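A.B. asks: Got a sequence here, can you model it:
(chains A, B, C and D)
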Number of protein chains: 2
Amino acid sequence: MDAVDEILAQWNRERPDLDVGPMGLIGRLGRIVHFLTREMDKTFAEYGLTGASFDVLATLRRSGAPYSLSPGDLLSTMMITSGTLTNRIDQLEKARLVTRSHNPDDRRSVSVLLTPRGLATIEAAVTAHVATQKRLIALLSPDEQAALDPLLRSFLAGIAARASG
Amino acid sequence: MDAVDEILAQWNRERPDLDVGPMGLIGRLGRIVHFLTREMDKTFAEYGLTGASFDVLATLRRSGAPYSLSPGDLLSTMMITSGTLTNRIDQLEKARLVTRSHNPDDRRSVSVLLTPRGLATIEAAVTAHVATQKRLIALLSPDEQAALDPLLRSFLAGIAARASG
DNA sequence: TCCGGGTATCTTGATATCAAGATAAATCGC
DNA sequence: GCGATTTATCTTGATATCAAGATACCCGGA
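C.D. replies: You can find the predicted model right below:
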C-alpha cells in the first residue's frame, strides 16, 4: 500500500465507475521519474549545472571533436522549443562554457562550441552523473533491471510508432 | 536501435570508460513520462485545465464530500512548494472552480472548496483523463502491463525507503 | 536581377515554478 | 498572562519554459 495505492483507493471509494488500473502504472512512472530527476539534479549542481545546461553540454560532448553543433542540430535531439534553447545557450555563454560563432558560408547559422572550461566541466560532470545513475538504478536488483529494460523498449517503440504514424 | 540507443552509442565511442547501462533505463523512463505527460495535458486542455490545475481539483474531488481541504493538506500530497500552491489556488479561484474560506477556529488556516462549477469540471475531466490513460497504456500488451507493475512497485518502494531512511 | 518562399535563430509576452523570507495567528513554557 | 516559538499561508524575486511571431539570410525561378 504505497502512496499511489492510497490515491487509487480514494478514487475507488468516490468513483467506483472508473477503471484506475492505468492510473497506477502511469502514476508510479511519474513519481519514479520525479525522484530520479531530483537526485540527478543534485549531482549537476555540484558542477554548477542544471539538468538543462548539462543536456546542452553533454549533447555537444558526445557529438565528438570539435564539440560543435548548430542550435538546429541541438534542437533536433533535445525535446525543447527554439526559444528555450536560445536562452540555454545564452546562460552557458555567460558562464564561459560555450561560445557562439557565425558560419561565414551561411550567416543565418551559428556554431555552438564547448570552451576548454566547458569541456573540462562536462567531462567531470558526466562521470559523476553516470555514477549517480548507477547508484539510483541499484534500487532495483540486476534481475529486475533486466526485466524492466525490454518493457521500456517496447513502450518507447510504441510511442515512436504513434508519433510518426 | 531507438533514439536512446543512439545516444548510448555516441557515449560508447567518445567515453568507452563509462558504463552507460543505467543511462539507457533512466533515459527511456524519462522519455516515456515526457510523452505521457504531453498527451495527458491535451485531455486537460479540453476542459480548460492544465496538469497543475487538474491535480488540485482531483485531490479535492477524491478526498470526498464536502470536497474541501486546507492548502497544508493539499501540499502534503502534491510534490510542490507552498508558493506554487498559492499560485495554483489563485488561478483556480479566478476561474471560479474553487473558493477560499477562513476557518473561524484557526484564522491562520484556510479551506479550499470545490465550487459546483469546479465539481462539474473535475467530474468530466477525470472521466476523460482515465480514458486517455487507458489508451496510452494500451501501447503495452496486457502481459507487459502485468510484468511492469511489480517492477515499478519495487522501484518506488526502494525510493520511499531511501527517502525516509 | 529581383522576388517569393523557405530556413535558422532570436525576441516577446505570458506562465509556472522554486527558494527564501514575510506575515499573521496559535500555542507553549514559565 | 506574556514573550518566544511554531504553524499556516502568502509574497517576492529570480529563472525556465513555451507559443507565436520577428528578423535575417539563402536559394530557386522568371
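
A.B. asks: Report all helices and strands that the longest helix seen in chain A contacts.
C.D. replies: Counting residues, the longest helix found in chain A (DSSP state H) is helix A:21-46. For helix A:21-46, the packing partners by 3 or more CB pairs under 8 Å, 6 or more residues apart in numbering or on different chains; DSSP states H and E come out as helix A:3-14, helix A:51-62, helix A:116-137, helix B:21-46, helix B:116-137, helix B:142-164. Any C-beta I mention is one placed from the backbone N, CA and C, and that applies to glycine too.

A.B. asks: how much space between residue A:155 and DNA strand D?
C.D. replies: 21 Å (CB to the nearest atom of the strand, to the nearest Å).

A.B. asks: list the contacts for that residue?
C.D. replies: By CB atoms under 8 Å, 6 or more residues apart in numbering or on different chains, the contact set of residue A:155 is B:28, B:32, B:139-140, B:144, B:148.

A.B. asks: what's the domain layout of chain A?
C.D. replies: A:1-46, A:48-164 (automatic domain parsing).

A.B. asks: Give me the contact status of the last one with DNA strand C.
C.D. replies: So that's domain A:48-164. Yes: against DNA strand C, domain A:48-164 shows contacts by CB under 7 Å from any atom of the strand at A:70-73, A:75, A:82-83, A:85-87, A:89-90, A:100, A:106, A:108-110.

A.B. asks: buried residues in stretch A:110-117?
C.D. replies: Neighbour counts over stretch A:110-117 (16 or more other CB atoms under 10 Å in any protein chain shown) mark A:110-115 as buried.

A.B. asks: Now tabulate these in CSV and tack on distance to residue A:158.
C.D. replies: Shown next, in CSV, are the buried residues of stretch A:110-117 (distance: CB to CB, whole Å):
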residue, distance to residue A:158
A:110, 36
A:111, 36
A:112, 33
A:113, 37
A:114, 35
A:115, 40
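
A.B. asks: Narrow those residues to those in strands?
C.D. replies: Taking DSSP state E as the definition of strands, the buried residues of stretch A:110-117 contribute A:110-114.

A.B. asks: closest to DNA strand C among the residues you listed?
C.D. replies: Nearest to DNA strand C among those: residue A:110, at 4.2 Å, using CB to the nearest atom of the strand.

A.B. asks: related to what we said a few turns ago, so what's the gap between the longest helix of chain A and the chain middle?
C.D. replies: 11 Å (CA atoms, centre = their mean, to the nearest Å).

A.B. asks: Show the average pLDDT along it.
C.D. replies: For helix A:21-46, mean pLDDT is 92.

A.B. asks: Stretch A:106-114 now?
C.D. replies: On average, stretch A:106-114 scores 90.

A.B. asks: for stretch A:66-82, same thing?
C.D. replies: Averaging pLDDT along stretch A:66-82 gives 94.

A.B. asks: In contact with residue A:85, which residues?
C.D. replies: By CB under 8 Å, 6+ apart, the contact set of residue A:85 is A:56, A:71, A:74-75, A:78.

A.B. asks: Mind checking if the strand or helix carrying it is in reach of DNA strand D?
C.D. replies: Per DSSP states H and E: residue A:85 is located in helix A:82-94. Yes: with CB under 7 Å from any atom of the strand as the criterion, DNA strand D is reached by helix A:82-94 at A:82-84, A:87-88, A:91.

A.B. asks: Between these, which sits nearest residue B:135?
C.D. replies: Closest approach between the residues of helix A:82-94 next to DNA strand D and residue B:135, by CB to CB: residue A:84, at 28.5 Å.

A.B. asks: what about the closest one, distance to chain B?
C.D. replies: 14 Å (CB to the nearest CB, to the nearest Å).

A.B. asks: again, but for residue A:63
C.D. replies: Distance from residue A:63 to chain B, by CB to the nearest CB: 7 Å.
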